[in-house]
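Colleague: The sequence and its predicted three-dimensional model are supplied below.
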There are 2 protein chains.
Amino acid sequence: MAEDYRQMWADLGLDLATHDALLGSVSQMYGDVYLSQKNRPKGMEYFDFVISEVHGLRIRELVDAKKEGKKIIGSFCVFVPEEIILALDGVSVGLCAGAEFAFEEAEKFLPRNTCDLIKSAFGFKLARVCPYLEASDLIVGENTCDGKKKSYEQMSTILDNLYIMDIPQMKSDSGKALLKAEYKKFIQRLEELSGKKITPENLKKGIETVNNKRKAMNRIYKLRNANPAPISGLDALLMNQVFFYDNPVRFTDSVNKIADELEERIKDKNGIAPDNAVRILVAGCPMALPNWKVPQIIESSNAVIVGEELCTGDRGHHILTEGNGSSVEDLVNNIVDRYFKIHCAVFTPNPDRLKRIKEMYKEYNADGVIDYNLQFCQPYQVEGGIVESELEKAGIPVLRIATDYSAEDRGQIQTRLEAFIERIKG
Amino acid sequence: MAEDYRQMWADLGLDLATHDALLGSVSQMYGDVYLSQKNRPKGMEYFDFVISEVHGLRIRELVDAKKEGKKIIGSFCVFVPEEIILALDGVSVGLCAGAEFAFEEAEKFLPRNTCDLIKSAFGFKLARVCPYLEASDLIVGENTCDGKKKSYEQMSTILDNLYIMDIPQMKSDSGKALLKAEYKKFIQRLEELSGKKITPENLKKGIETVNNKRKAMNRIYKLRNANPAPISGLDALLMNQVFFYDNPVRFTDSVNKIADELEERIKDKNGIAPDNAVRILVAGCPMALPNWKVPQIIESSNAVIVGEELCTGDRGHHILTEGNGSSVEDLVNNIVDRYFKIHCAVFTPNPDRLKRIKEMYKEYNADGVIDYNLQFCQPYQVEGGIVESELEKAGIPVLRIATDYSAEDRGQIQTRLEAFIERIKG
């Protein structure tokens, strides 16, 4: 860290000793997983810096923003519309849920067969080590899966600023009406919280800012169809993870610079993986920071990830929000249209996701698909069975990996993966 | 069986040999669990007959009804409004999902960590042993939990007459609007299927028939507050299970007769359990026929069940549908009002369920509550944690039992239960 943030952390109520241990372990992991990579794009230095300051500079910015009267809105899901948060001069941050932390404490509230993402969110709160959560003025829980939906009831006993956003389960007219009503309620809640009013102007600006961030990510994604791959899947995943909590304008600039650099690399045939590396598309459950386990195993096995059909991936930025509209109503409709298209497995049926996986497989010249499931995530797990059989029918090699945040099954995953790669190579 | 139904079963496409084995085992189980009980109400003979003819006479009635042009509507959940089915001259039947059957086959479609109720529904279809399902013209799947919601996508690959009904997750205005839209869609679908039209008259009649069935069950429930208990929990559960597929008028008469008999028994202090039996309220996941495991263990441990806060229990019949209204619109609103009050754990938050558990505990003079969880049922499992801590705060003894359809953990449950009963006796 560039400066001493201990007072700030103490003021936020963090448990300093435990927090030190956490930061030490993330830093160690980042060194092992990220800094050990060869020939990375130079622009990734920005992300190295972001991670080195993950609980430092960015938190200082949040604290400063709070002093200026801005509100910090923490959330766990791509269904929480950042456009609205930005329009009301708020700061949107994704909350810590990617590491095994204080699970024993979390299991006092949750069944053991709860996915690690949910346990992690509880663990970080109970251990008081997530400054994003502690800095948040409002924490938005959303009714996506049963696990989250019901866990938020428990979370409300340990958090007094939890706000629940309902999410539909079917792409019907009434499902869409429900989402719209929820987004309008959310606007009202944020207006009350911030004392500011939503207008067509600030909402348009919010849409533009978020779209720019998405467009920059989409530029990177498009370039990943090149062979050799110009950027590692690990680096692309990191960008996707930082997408959720960085300053959006600075993030956009940094990503666009990397996209410029990748264009040059492609011209020079300068890849991060050899031409003959097996090209993998990863589909499934979100990988929250610092959950890098499966991508690291893949990319240390003579394979490279060329796309992520994940919330921390394509699902988070592929679709833009239409920016035209002269009233708040029009613009809210545009936002609802955009988010209603997200093909999350909580929807039933969810054919667009399968369509998108096949599209991405083709667009990025992938050789195979890994369906990644976070153990006990029922929606993606059941859908994984459908994805597997449909991809097999289409002649697309597919491997299902169900895992958690622990390191215990690394060897087993590695073995299965190597067999999968051999199968692809034929 | 009173007559030979083999031709009928063959015509329905059942696998006769496997079906024989199933019926044999249910009959054996019924003898062991039910017929071995002492001093049962005489009126229970009707239910003994129903079970002896469970795949016989009732299926013959369904087949005859089909010949008369009536449609058979199969379903898995208390959110499917029988009022509407009856109004359109249909027959509503709950589908088999209470026994371990062909789970290996089912697990080709579903993750292992799927609850047994869902696996059972698949198993019965895959093994072709459920005549209710095979006789159904339309099978209604409903989006309650993630497990069911996503499994229906797999089920649609093996069933061509599956209809999906969406269910809200929050008791908000838009949640209610969604439920109403779904019930209207359901009316439309049944009108198409039956070629009949919904009218205020037939809908009123449907409401009346279902209310009568509920009132009869509520009479029985009210009488269970007596000490000694006039009827066993096993017998009450059986009535609740048969509630879902018997002829509603005949069912109502049979239940009312038992209620008359129980009134006499109470006057005579003629109970099925001794005065000092520990009185248990069971709350939690539905127990589908023939899932009698936990009640049997309870009632063979010097305890008696005095109420079920289950879908196969109070949640299925406590609330009536308001019958007044001069238009279809009015009556549909009444139906929506009624079903929207069901305090199923798929709703968040769900404070009315906790309130009802406490109410029932008091009404039925219970000594303790058993929170029954079907393994991998996330909504009731997470809510179980809340129920447990809230009941403990209120000084109500509570024991959580998570189990499945297998017999493996019977001994373990028995031991825990005995300790719980000792704790209550103090």
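Modeller: Thanks, I have the structure now.
Colleague: Just want the phi and psi numbers for residue A:279.
Modeller: The phi and psi values for residue A:279, taken as degrees, to the nearest 10, are phi -100, psi 120.
Colleague: my guess is it meets residue A:304, correct?
Modeller: Yes. Counting by CB atoms under 8 Å, residue A:279 does reach residue A:304; the two are 6.0 Å apart. From N, CA and C alone the C-beta is placed, and that goes for glycine too.
Colleague: Now do the shared contacts for these two.
Modeller: residue A:229 (CB atoms under 8 Å, 6 or more residues apart in numbering or on different chains).
Colleague: Please name the nearest non-neighbouring residue to residue A:105.
Modeller: Nearest residue to residue A:105, sequence neighbours excluded (CB to CB, 6 or more residues apart in numbering or on different chains): residue A:126, at 4.3 Å.
Colleague: Please name the nearest non-neighbouring residue to whichever residue of the stretch 251-400 of chain A sits closest to chain B.
Modeller: Closest residue of the stretch 251-400 of chain A to chain B, CB to the nearest CB: residue A:382 (3.6 Å). Nearest non-adjacent residue to residue A:382, counting by CB to CB, 6+ apart: residue B:150, 3.6 Å away.
Colleague: What of residue A:327?
Modeller: In space, and not counting its chain neighbours, residue A:327 is closest to residue A:200: 5.8 Å by CB to CB, 6+ apart.
Colleague: Quickly note the distance from that neighbour to residue B:66.
Modeller: 58 Å (CB to CB, to the nearest Å).
Colleague: where does the stretch 1-150 of chain A dip in pLDDT?
Modeller: A:1-3 (pLDDT under 70).
Colleague: wait, isn't the residue nearest to residue A:105 in contact with residue A:107?
Modeller: No. The criterion here is CB under 8 Å, and residue A:126 misses it with residue A:107 at 10.3 Å.
Colleague: So for those two, which residue has more residues nearby?
Modeller: Neighbour count, other CB atoms under 10 Å in any protein chain shown: between residue A:126 and residue A:107, residue A:126 has more, with 18 against 14.
Colleague: Quick check: the gap between that one and chain B.
Modeller: Separation of residue A:126 from chain B (CB to the nearest CB, to the nearest Å) stands at 15 Å.
Colleague: In contact with that residue, which residues?
Modeller: By CB under 8 Å, 6+ apart, the contact set of residue A:126 is A:102, A:105, A:106, A:158.
Colleague: Can I get those in a markdown table including secondary structure and distance to residue A:169?
Modeller: Below are the contacts of residue A:126 laid out as a markdown table (DSSP: H, G, I helix; E, B strand; the rest coil; distance: CB to CB, whole Å):
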| residue | secondary structure | distance to residue A:169 |
| --- | --- | --- |
| A:102 | coil | 31 |
| A:105 | helix | 31 |
| A:106 | helix | 26 |
| A:158 | coil | 27 |
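Colleague: how distant is stretch A:92-103 from the center of its chain?
Modeller: Remark: stretch A:92-103 is offset 11 Å from the chain centroid, using CA atoms, centre = their mean, to the nearest Å.
Colleague: for stretch A:51-62, same thing?
Modeller: Distance of stretch A:51-62 from its chain centroid, counting by CA atoms, centre = their mean, is 18 Å.
Colleague: Strands of chain A, start to end?
Modeller: A:72-75, A:91-94, A:138-142, A:162-165, A:278-284, A:303-309, A:368-374, A:398-403 (DSSP state E).
Colleague: between the last one and strand A:278-284, how big is the angle?
Modeller: Orientation of strand A:398-403 against strand A:278-284 (axes from the mean of the first three to the mean of the last three CA atoms, to 10 degrees) gives an angle of 60 degrees.
Colleague: Name the strands paired with strand A:398-403 and say parallel or antiparallel.
Modeller: Sheet partners assigned to strand A:398-403 using DSSP bridges are listed as strand A:368-374 (parallel).
Colleague: which ones are touching the one residue in the stretch 1-150 of chain A that gets nearest to chain B?
Modeller: With CB to the nearest CB as the measure, residue A:150 is the residue of the stretch 1-150 of chain A nearest to chain B, at 3.6 Å. Residue A:150 sits next to B:345, B:348, B:378, B:379, B:382, B:383 when contact means CB under 8 Å, 6+ apart.
Colleague: Test my guess that residue A:113 contacts residue B:115.
Modeller: No. Residue A:113 is not in contact with residue B:115 according to CB under 8 Å; the separation is 10.9 Å.
Colleague: how's chain A carved up into domains?
Modeller: Listed domain ranges for chain A are A:6-199, A:204-320+A:344-425 (source: automatic domain parsing).
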